[in-house]
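[1] I need the structure of the sequence given here:
(one chain, ligands or ions: 1)
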Amino acid sequence: MRELIPRSFRLHTWRAVRRGRQFLQRFRVRRDVRSAEAAYCADPPSNQTAIDIFKGTWTSAFPPQYGVTAGTLDSFDDVRVGWAAGVLPGGFTGLSILELGPYEGYTTWQLERRGARAVTAVEANDLNFLKALVVKEVTGFKARLLFGDFAAYLERAKERFDLVWASGVLYHSADPLHLLDLISRVTDVVFIHTHYYAPEIASSPHAYSFFEPGRNRTTSLTSEAGQSGRDVTIHYKAYGQLKRGSFSGGPAGHSYWMEKDDIFAALRARGFDDIQVGADDPGNPNGPAMFCLARRIR
Ligand SMILES: C[S@@+](CC[C@H](N)C(=O)[O-])C[C@H]1O[C@@H](n2cnc3c(N)ncnc32)[C@H](O)[C@@H]1O
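    Model prediction:
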């Protein structure tokens, strides 16, 4: 039977199948749940039993009123949220907010408690998404949690938001300028907390070893009016770690870090002329970091 099919046809078919598999691979969710073993809980149901599904991976400590044990960081009481609430006229009250990368849902919880009208949070990491769902169940927040890539979401978004909360995501993006573009299509107000590239990183051998200057890219910023302006270099950084447990980076094996002034220039080129910086921490051991609120004044 086999010899009835010409060898060239078999080869062609096999290559097509392989290409198809490679194509599908790009869209496949990382985890194949069919091979995961189910774990049963023999204890009476409680918030703690749900939290303990992810025992050992939690970063955040829940607020004391929930009476549960998870991580240790007080992420639910966040200086960034408090700062932004003070800068926005009226704080978060009544706002529709798109949150990129909620991780353990602590910001989602705070935005809602501070009066946001509607929060949509988009998370691509399955473990983080499920942990955020557990937080939603424990705390009862109402926000919509979506599982998927936020850039893909933004590319298709028809809705506009009063605020985009882009905290801890720009430096995890493999295309940060495009991400800023996408954000600027759906809002006139964006909060950004990010690490940024600065030459001083070179003095930290550990941090610098993950940067690969040979893979940097330089592009020219284009304004909303289509005028091209300054050249921007984005800096390639490999993750060099497995995406397990509490991993909170991006989906690719690398990201590109922007320089601080280029972030501001890119925001201005997209019409976000009013930029207020809440904190700048050039000596941060994980790399220089800052947070800001940028507004398009029409
Ligand atoms: C560093 S954490 C930031 C968490 C939180 N926003 C904060 O600022 O504390 C980044 C989060 O974004 C998620 N993430 C990264 N890239 C993403 C993408 N392309 N789409 C959706 N989620 C993404 C990660 O899985 C992680 O939960």
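
[2] tell me which parts of the stretch 151-298 of the chain are close to the ligand?
    If contact is defined as CB under 6 Å from any ligand atom, the residues of the stretch 151-298 of the chain in contact with the ligand are 151, 167-169, 172, 193, 248, 250-251. Backbone N, C-alpha and C define where each C-beta goes, glycine included.

[3] Quick check: the farthest pair among those residues?
    The most widely separated members of those, counting by CB to CB, are 193 and 251 (19.4 Å).

[4] follow-up on the earlier one: among the residues of the stretch 151-298 of the chain next to the ligand, who's most crowded?
    residue 169 (25 neighbours; other CB atoms under 10 Å).

[5] Let me know whether that residue touches residue 151 as I believe.
    No. The pair residue 169 / residue 151 is not scored as a contact, 9.7 Å apart, by CB atoms under 8 Å.

[6] starting at the chain centroid, how far to stretch 147-156?
    Taking the mean C-alpha point of stretch 147-156 and that of its whole chain, the gap between them comes to 11 Å (CA atoms, centre = their mean, to the nearest Å).

[7] Contacts for that stretch next, please.
    Taking CB atoms under 8 Å, 6 or more residues apart in numbering as the criterion, the residues outside stretch 147-156 that touch it are 100-101, 122-124, 126, 129, 146, 169, 173, 175, 178-179, 182-183, 185-186, 251.

[8] before we move on, what about stretch 101-112?
    The set of residues that contact stretch 101-112 without belonging to it, under CB under 8 Å, 6+ apart, is 58-60, 71, 75-78, 80-81, 92, 97, 99, 119, 121-124, 128, 131-133, 135-136, 139, 141-143, 145, 150, 165, 167-169, 172, 248.

[9] now do the same end-to-end measure for that stretch.
    Start-to-end span of stretch 101-112 (CA to CA, to the nearest Å) is 16 Å.

[10] With stretch 142-157 instead?
    Across its full length, stretch 142-157 reaches 21 Å between end residues, using CA to CA.

[11] Going forward, count from 15.
    Okay, using 15 as the starting number, the last item reads as stretch 156-171.

[12] wait, is residue 197 part of a helix?
    Yes. Secondary structure assignment (DSSP: H, G, I helix; E, B strand; the rest coil) places residue 197 inside a helix.
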